[in-house]
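Asker: Test case, fold it:
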Amino acid sequence: MESPSNPRPHDIKADNLIISVDKEIHSIPPRLSEVCIFKVHDKLREVNPKAYEPIILAIGPYHCGKDKLMQEHKLRYLQLLLHLRCESSVDRYITAMRNLEEKARGCYGSPINIESDDVVKMMCLDGCFIIELFRKFTFEDLIDDDDPIFKMARDLILLENQLPFFVLVELFNMTKDLDREDDFIKMAQNVLRMMPDPFVFEDCSRISDASHLLGLVHDCFGYSFADIVSNRNDGNGEVYFEFIKSVTELEEAGIEFKESKEKSSFFNIKFENGVMEIPQFVIANEDAEKLGQYGIINKWLGSHEAISTMFNKLVASFNFSSEVEVTD
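Answerer: The predicted structure is shown next:
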């Protein structure tokens, strides 16, 4: 007869299974509405895996540890931040990030299988690095001419390479000086304007919050077609129609595309949760020829037949589902 103190093998397996399932459940974000940072769909990644990977700078948990050479720069920037504030310890910042850890984890669409201390350290190092990088861009007296960091604009706006905006705002507020820029969104917008291949957009003072840096870029360009038309002749500023990135460039920034289910207007283009929804359209050879004659389609696209084929196969690699979407 088995002793009650000796658990049977299947009891041990059951206990391990309970622990495993509980761990999986607790790793899932509590509400889909809180999620704002997603991984690129495997179908898109297969086309060009490198397009979605940071080249120099890894930010956030999805690519954590992939930029070992950058760790020294991140530590150096944190050291500079402490020195400028006459602080000798990171205790304030670690405590603040630990308080935000659970909320930050809930912003990611995929489970973050990283230990708590490592996540908090990542939030502190990556967040302070971005803050100090932006300050270097904003204030000329902080710029080091041989600093190689200014070549990473692409990495900062990759879909998977993001920190929740509230993490950046918290660190910014903890480290800001009274005699310098006191609005992180305004400073971030100024930095985006100054980067190589700058983001040219109108006054975005109406924007008071964002999900992350990529979200801020989108919000600054997020004028609907009606907004653009209404602003054309009101004298409030110039509209830059030429700054329309190609699908390839948007994909490289981590944007996913799918067909919009709303057919009311071709201009009913929406961007949400890293996905751009565009109404379906078909263009015939003769239409492409006419559009080319009127200068609406540039000649670099090739022959009229090539243009027509390109448009009609633009989303050939995407699988559209008729299933009902799951919402909260």
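Asker: shaky segments in the stretch 201-328 of the chain?
Answerer: 201-206, 221-246, 262-268, 280-328 (pLDDT under 70).
Asker: run the last query once more with 80
Answerer: Scanning the stretch 201-328 of the chain for pLDDT under 80 picks out 201-208, 218-250, 259-269, 278-328.
Asker: ok, how many other residues are close to T175?
Answerer: 19 (other CB atoms under 10 Å). No exception for glycine: its C-beta is placed from N, CA and C like everyone else's.
Asker: List the contacts of it.
Answerer: Contacts for T175 (CB atoms under 8 Å, 6 or more residues apart in numbering) come out as 81, 85, 128, 131.
Asker: Drop anything exposed from the residues you listed.
Answerer: 81, 128, 131 (16 or more other CB atoms under 10 Å).
Asker: could I have the helix or strand harbouring V169 exported to PDB, CA atoms only?
Answerer: Taking DSSP states H and E as the criterion, V169 maps to helix 165-175. The C-alpha atoms that make up helix 165-175 are tabulated as PDB, following Å, rounded to 0.1, in the frame of the first residue of the first chain:
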ATOM      1  CA  PHE A 165       4.700  55.800 -24.500                       C
ATOM      2  CA  PHE A 166       3.800  56.200 -20.800                       C
ATOM      3  CA  VAL A 167       7.100  54.600 -19.900                       C
ATOM      4  CA  LEU A 168       9.000  57.300 -21.900                       C
ATOM      5  CA  VAL A 169       6.800  60.100 -20.500                       C
ATOM      6  CA  GLU A 170       7.400  58.900 -16.900                       C
ATOM      7  CA  LEU A 171      11.200  58.800 -17.400                       C
ATOM      8  CA  PHE A 172      11.100  62.100 -19.200                       C
ATOM      9  CA  ASN A 173       9.100  63.700 -16.300                       C
ATOM     10  CA  MET A 174      11.500  62.300 -13.800                       C
ATOM     11  CA  THR A 175      14.600  63.700 -15.500                       C
END
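Asker: same question for that helix, mean pLDDT?
Answerer: For helix 165-175, the mean per-residue pLDDT is 95.
Asker: Pull out the buried residues from the helix or strand following that helix.
Answerer: Going down the chain from helix 165-175, the next helix or strand is helix 184-194, by DSSP H and E. Neighbour-count burial for helix 184-194, counted by 16+ other CB under 10 Å, picks out 184-185, 187-189, 191-192.
Asker: So of those, which two are at opposite extremes in space?
Answerer: Based on CB to CB, the longest span within these runs between F184 and L192 and measures 12.4 Å.
Asker: Just give me the neighbour total for C86.
Answerer: Around C86 there are 6 other residues, counting by other CB under 10 Å.
Asker: What of R92?
Answerer: So R92, with other CB under 10 Å, has 13 neighbours.
Asker: Would you agree it falls within a strand?
Answerer: No: R92 is assigned helix when assessed by DSSP: H, G, I helix; E, B strand; the rest coil, not a strand.
Asker: contacting residues around the residue nearest to it when sequence neighbours are not counted?
Answerer: Excluding its sequence neighbours, the residue lying closest to R92 (CB to CB, 6 or more residues apart in numbering) is M174, at 6.6 Å. By CB under 8 Å, 6+ apart, the contact set of M174 is 92-93, 96.
Asker: ok, now L100?
Answerer: 123, 166-167, 170.
Asker: So which residues of the protein form strands?
Answerer: Taking DSSP state E, the strands of the chain run over residues 256-259, 270-272, 275-278.
Asker: Need these in CSV (columns: distance to L156 and mean neighbour count).
Answerer: Formatted as CSV, the strands of the chain follow (distance: least, CB to CB, whole Å; neighbours: other CB atoms under 10 Å):
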stretch, distance to L156, mean neighbour count
strand 256-259, 19, 16
strand 270-272, 18, 13
strand 275-278, 19, 16
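Asker: quick one: which of the buried residues of helix 184-194 is nearest to Y52?
Answerer: Nearest member of the buried residues of helix 184-194 to Y52, counting by CB to CB, is L192, at 20.3 Å.
Asker: Reformat the strands of the chain as a markdown table; add distance to I37.
Answerer: What follows is the strands of the chain, written out as a markdown table (distance: least, CB to CB, whole Å):
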| stretch | distance to I37 |
| --- | --- |
| strand 256-259 | 13 |
| strand 270-272 | 13 |
| strand 275-278 | 13 |
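Asker: Could you export stretch 40-57 as PDB, CA atoms only?
Answerer: The C-alpha trace of stretch 40-57 is given here as PDB (Å, rounded to 0.1, in the frame of the first residue of the first chain):
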ATOM      1  CA  VAL A  40       4.700  41.100 -37.400                       C
ATOM      2  CA  HIS A  41       2.600  38.300 -38.900                       C
ATOM      3  CA  ASP A  42       4.600  35.300 -40.000                       C
ATOM      4  CA  LYS A  43       3.200  35.600 -43.500                       C
ATOM      5  CA  LEU A  44       4.700  39.100 -43.900                       C
ATOM      6  CA  ARG A  45       7.900  38.200 -42.200                       C
ATOM      7  CA  GLU A  46       8.500  35.300 -44.600                       C
ATOM      8  CA  VAL A  47       8.700  37.800 -47.500                       C
ATOM      9  CA  ASN A  48      11.600  39.700 -46.100                       C
ATOM     10  CA  PRO A  49      12.600  38.800 -42.500                       C
ATOM     11  CA  LYS A  50      15.300  41.400 -42.200                       C
ATOM     12  CA  ALA A  51      12.800  44.200 -42.900                       C
ATOM     13  CA  TYR A  52      11.300  43.800 -39.500                       C
ATOM     14  CA  GLU A  53      14.500  43.400 -37.500                       C
ATOM     15  CA  PRO A  54      16.400  46.300 -35.900                       C
ATOM     16  CA  ILE A  55      19.700  46.900 -37.500                       C
ATOM     17  CA  ILE A  56      21.500  48.800 -34.700                       C
ATOM     18  CA  LEU A  57      19.100  49.400 -31.800                       C
END
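Asker: Sounds good, over and out.
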